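A.B. asks: With the sequence up front, the predicted model follows.
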Amino acid sequence: MDGKDIFYPEFDHPATQLSAFSLCIDVFIISLKNGEIVHFKPNEIAHFKDWLDRFKVRDIEVDKGIPYVTRTPNLSKAPNGFLTSSN
């Protein structure tokens, strides 16, 4: 990849500083690696999304970044808040 490709036209941040994004209608909401959130409305939505994909920026609609964890129910609490007697 050419070094100049790291920047998208009219977008102030290099791809290396992007953490994740979401598209809302025609505006990209982008999380930077420093925790800052920025918004960007490109002229060509598909082209900008292709650029993000090329640099493997996480799309939160596809990958929320939260690993799936199998949860075991807490069996010490009664369902619906009621305790039943076995008598």
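C.D. replies: Structure received.

A.B. asks: what residues does stretch 16-23 touch?
C.D. replies: With contact meaning Cβ atoms under 8 Å, 6 or more residues apart in numbering, stretch 16-23 is reached by 6, 28-34, 45, 49, 52, 55, 57-61, 65. Using the backbone N, CA and C atoms, a C-beta is placed for each residue, glycine as well.

A.B. asks: the helices in this protein, which residues?
C.D. replies: Using DSSP state H, the helices of the chain run over 45-54.

A.B. asks: where does the chain have low pLDDT?
C.D. replies: Within the chain, the stretches with pLDDT under 70 are 1-4, 64-87.

A.B. asks: What is the end-to-end distance of stretch 40-51?
C.D. replies: 13 Å (Cα to Cα, to the nearest Å).

A.B. asks: In it, which residues are buried?
C.D. replies: Across stretch 40-51, burial judged by 16 or more other Cβ atoms under 10 Å covers 42, 48, 49, 51.

A.B. asks: re earlier: tell me the buried residues within the contacts of stretch 16-23.
C.D. replies: Using 16+ other Cβ under 10 Å, the buried members of the contacts of stretch 16-23 are 28, 30, 31, 49, 52, 57, 58.
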